[in-house]
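> No sequence on hand, only this structure:
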Ligand SMILES: Nc1nc2[nH]c(O)nc2c(=O)[nH]1
């Protein structure tokens with residue numbers, strides 16, 4: 001039986017309800033007061049109170065021994081410290097940004113605890129290929145569909161202690177590159193409603209496998225980009241199909257340690273006009289050119305400094321409809337929660353979802369790549 005473990009951590013350092021639902025990762029499930037994520041060999045469960053982050057680990061054995069469970073909890077703790085980058089003092093960053101920036105200081109108390117995740121780079125890359133002209137609710141559905149259709153469930157995850165248990169604990173990890181590179185993936189994803197993104201996902205996975213040879217080597221290659229310069233890593237990402245500047249920048253920031261990178265999309269563009277003196281109109285649709293993208297980046301980097309990408313995420317979250325009205329607390333009750341494993345008869349095509357959600361991302365950003373590094377202007 002897995003018992004809750006406690007890690008002392010104030011909500012000003014980490015606010016789960018914002019960080020896990022603000023468009024960085026799309027795979028965390030809300031189950032009652034918990035958030036759950038399936039990794040390759042376990043399900044990590046989290047909850048928090050004012051001063052503690054609580055975690056527990058569900059293992060795919062019906063009865064793990066006590067030493068097995070204890071080892072798993074110790075590993076989960078190491079993973080959490082890495083994933084949430086807990087070595088970074090967020091309160092100190094907030095104080096620094098507030099001192100530099102009046103706009104930031106006017107929202108900081110309502111949007112405390114928003115930090116950048118350090119995600120698995122392959123999952124991050126594929127998720128953001130799905131994000132092209134899309135919104136959080138639909139990206140979330142797509143990412144869950146990828147998991148359901150292209151990775152085997154961790155069956156019989158034991159959770160007998162849990163009154164919320166729905167007995168059908170079939171959690172799927174994120175698919176491997178080889179699973180998504182297989183022939184036939186594109187067509188199947190199209191029937192599942194992925195549209196043009198179907199080809200980008202299959203081609204990107206295939207390119208990674210063709211170049212590096214195995215899932216393990218792909219993982220090594222992508223994680224190795226953490227040691228490259230920001231520009232070198234960006235150029236590598238831009239080679240993939242479906243990856244334009246905005247998608248590449250999200251991956252640089254959210255899984256490759258490039259903390260200064262500010263991905264520019266409609267939200268960020270409008271924030272830059274409204275609050276940071278960028279010339280332009282939020283009413284008139286403007287095409288996003290590389291020059292404009294760089295101009296916005298330079299401006300925001302000058303305001304926020306080395307951790308500009310982290311600061312942008314606070315502003316980005318405050319601009320999302322689900323959060324904007326009254327801050328994080330109001331949003332907690334209104335965010336969409338995707339079902340873990342919808343039955344086939346109830347499954348809707350992803351592309352036809354009509355629920356209220358934020359405007360599509362990427363629509364004011366650089367276009368997705370249409371081949372190896374090829375880029376166009378978009379209007
Ligand atoms: N600029 C940003 N764009 C995003 N899209 C998405 O899904 N998340 C983000 C984000 O944090 N910043």
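That came through fine. Bear in mind the structure is a predicted one, so any value in this text is a computation, not a measurement.

> tell me what the helix or strand containing residue 206 is packed against?
Residue 206 belongs to helix 197-212 when elements are defined using DSSP states H and E. If you count contacts as 3 or more C-beta pairs under 8 Å, 6 or more residues apart in numbering; DSSP states H and E, helix 197-212 packs onto helix 121-130, helix 177-181, helix 185-191, helix 215-224. (C-beta placed from N, C-alpha, C; glycine too.)

> mean confidence score for the third one?
Per-residue pLDDT values across helix 185-191 average out to 98.

> do stretch 41-61 as well
94.

> ok, and what's touching it?
Contacts of stretch 41-61 with the rest of the structure, by C-beta atoms under 8 Å, 6 or more residues apart in numbering, involve 2-11, 14, 16, 31, 33-37, 68-69, 72-73, 75-77, 79-80, 154-159, 169, 171.

> gap between the two ends of that stretch?
Length of stretch 41-61, first residue to last, C-alpha to C-alpha, to the nearest Å: 10 Å.

> So which bits of this protein are right by the ligand?
Applying C-beta under 6 Å from any ligand atom, one finds that the chain approaches the ligand through 23-24, 131, 250, 263, 265, 268, 313, 316, 361.

> Apart from its chain neighbours, what residue comes closest to the closest residue to the ligand within the chain?
Nearest to the ligand, among the residues of the chain, is residue 23, at 3.2 Å (C-beta to the nearest ligand atom). Of all residues not flanking residue 23 in the chain, residue 136 sits nearest, at 4.9 Å (C-beta to C-beta, 6 or more residues apart in numbering).

> before we move on, the earlier item: out of the helices and strands packed on helix 197-212, which one sits most buried?
Counting by mean count of other C-beta atoms under 10 Å, helix 121-130 has the highest mean neighbour count of the helices and strands packed on helix 197-212, with a mean of 26.

> Quick one: list the elements packing against that helix.
helix 136-150, helix 197-212, helix 215-224, helix 245-255.

> ok, back up a step: from the residues of the chain next to the ligand, which has minimum pLDDT?
Comparing the residues of the chain next to the ligand by pLDDT, residue 361 comes last, at 45.

> If we go by neighbour counts, what in stretch 21-40 is buried?
Residues 21-31, 34-39 are the ones in stretch 21-40 that count as buried (16 or more other C-beta atoms under 10 Å).

> And it, end to end?
21 Å.

> Centre of the chain to that stretch, how far?
10 Å (C-alpha atoms, centre = their mean, to the nearest Å).

> just to revisit the earlier point, got the residues of the chain next to the ligand as CSV, with secondary structure columns?
Listed next are the residues of the chain next to the ligand as CSV, based on DSSP: H, G, I helix; E, B strand; the rest coil:
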residue, secondary structure
23, coil
24, coil
131, coil
250, helix
263, coil
265, coil
268, helix
313, helix
316, helix
361, coil
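
> Quickly name whichever of those is closest to residue 141.
residue 131 (12.2 Å; C-beta to C-beta).

> Report the contact partners of residue 72.
2, 42, 57, 59, 64.

> For PyMOL, what selects the buried ones among those residues?
Buried residues within those, by 16+ other C-beta under 10 Å, are selected in PyMOL with:
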select buried, resi 2+42+57+59+64
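
> Now go through the contacts of residue 72 and say which are in strands.
residue 57 (DSSP state E).

> Show me which of the contacts of residue 72 is closest to residue 95.
residue 57 (33.9 Å).

> Any buried residues in the helix ranked longest in the chain, and which?
Ordering each helix of the chain by length in residues (DSSP state H) puts helix 66-83 first. Of the residues in helix 66-83, 69, 72-73, 76-77, 79-80, 83 count as buried by neighbour count, 16+ other C-beta under 10 Å.

> Which residues does whichever helix or strand comes after it contact?
Once the chain leaves helix 66-83, the next helix or strand it forms, by DSSP H and E, is helix 90-100. For helix 90-100, the surrounding residues in contact (C-beta under 8 Å, 6+ apart) are 10, 12-14, 104-105, 108, 112-115, 303-305, 307, 310-311, 314.

> Tell me the buried residues in helix 90-100?
90, 93-94, 96-98.

> roughly how far is that helix from the heart of the chain?
On C-alpha atoms, centre = their mean, the centre of helix 90-100 falls 23 Å from that of its chain.

> what do you get for stretch 12-30?
For stretch 12-30 - counting by C-alpha atoms, centre = their mean - the centre lies 8 Å from the chain centre.

> From one end of it to the other, what's the distance?
21 Å.

> Leaving aside the residues adjacent along the chain, what's closest to residue 204?
residue 240 (4.3 Å).

> in what helix or strand does that neighbour lie?
Here residue 240 is assigned to no helix or strand, by DSSP H and E.

> ok, it - contacts?
Neighbours of residue 240 in contact, by C-beta under 8 Å, 6+ apart: 125, 129, 200, 203-204, 207-208, 369.

> Quick one: low-confidence residue ranges for the stretch 1-150 of the chain.
1 (pLDDT under 70).

> Please repeat the previous calculation with a cut-off of 80.
Within the stretch 1-150 of the chain, the ranges that satisfy pLDDT under 80 run 1-2, 61-62.

> Show me how the chain divides into domains.
Following the assignment in automatic domain parsing, the chain carries domains at 1-87, 89-113+259-322, 119-151+176-258.
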